[in-house]
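Novice: sequence and predicted model, in that order:
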Amino acid sequence: MVSVTVVETDTGDEGLAYVRTRLAGGLTLSSNVLARVDLDHGFVFTWATDPPPATLVDFEHGSKGLIHGGVANAHVLALIRDFFLRNPFGSLWAEELLPKRSDPFWTNPEIPEEERIGWFFGDEVYSLAFPGDDDDHVLGTLDNVFSWGGGAFLTASGAAALYRRGREIQAADVGEVASQISFIICPAYDSMGYLVWRRTA
């Protein structure tokens with residue numbers, strides 16, 4: 001059996017440009033991140049074999065040598081769990097570009113309440129996860145990020161803890177959450193893997 005080494009692999013300027021493009025197509029939280037966070041004070045990586053494949057920066061397509069599917073989920077989940085361990089008041093925020101608060105889905109009594117969980121800023125919809133949430137919920141939060149814009153954000157902001165109960169996001173908190181992000185997680189490689197921006201300063 002051939003042993004495969006998986007490592008965090010820096011995707012360089014191409015990866016950073018891809019993350020910027022995604023955020024430019026995101027919601028209010030993405031806009032606040034772009035306005036408040038200098039993304040040059042960080043770098044973008046993915047998980048890949050060592051040495052990395054030649055298709056490393058072909059972010060639109062999955063390919064051999066790139067770590068995706070269940071293996072990629074295991075790595076991103078470990079990253080999120082480690083962040084929560086170090087930031088017990090932190091949270092994961094994911095932008096949902098397709099649904100709107102005004103959609104009848106959110107008030108339809110025929111849909112079980114546990115299936116109508118969302119956080120709202122105006123007409124925008126977000127998914128959140130917190131320390132203590134189970135793995136399925138954390139990965140489900142990431143699944144709500146579509147491949148064509150926006151992202152998911154790990155923030156150390158204590159203001160986010162308010163939303164364990166409340167569902168209406170306050171404008172001041174959006175800026176606070178954005179200013180204290182440590183990681184941006186974006187689907188890539190035909191949504192089978194991830195690009196991750198990590199703050200370094």
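Specialist: Here it is on my side, so go on. Nothing here was measured: the structure is a model prediction, and the numbers come from that model.

Novice: who's Phe153 bridged to?
Specialist: Bridge pairing for Phe153 (DSSP bridges) gives the partners Trp93, Ile184.

Novice: what's the burial count for the closest residue to Trp106 other than its chain neighbours?
Specialist: Ranked by Cβ to Cβ, 6 or more residues apart in numbering and with sequence neighbours excluded, the top spatial neighbour of Trp106 is Arg116, at 5.6 Å. C-beta: built from backbone N, CA, C; applies to glycine. Other residues within reach of Arg116, judged by other Cβ atoms under 10 Å, total 12.

Novice: what of Val33?
Specialist: When neighbours are defined as other Cβ under 10 Å, Val33 has 24 of them.

Novice: please apply the same query to Leu23.
Specialist: By other Cβ under 10 Å, the residues close to Leu23 number 25.

Novice: how near is Pro52 to Gly62?
Specialist: Using Cβ to Cβ, to the nearest Å, Pro52 is found at 14 Å from Gly62.

Novice: ok, back up a step: got a list of what the residue nearest to Trp106 touches?
Specialist: Shown in contact with Arg116 (Cβ atoms under 8 Å, 6 or more residues apart in numbering): Phe105, Trp106, Asn108.

Novice: closest one to Val177 out of those residues, please.
Specialist: Closest to Val177 out of the contacts of Arg116 is Trp106 (21.8 Å), distances taken as Cβ to Cβ.

Novice: surely the closest one is in contact with Glu115?
Specialist: No: the pair Trp106 and Glu115 fails to qualify as a contact (Cβ atoms under 8 Å) at a distance of 10.4 Å.
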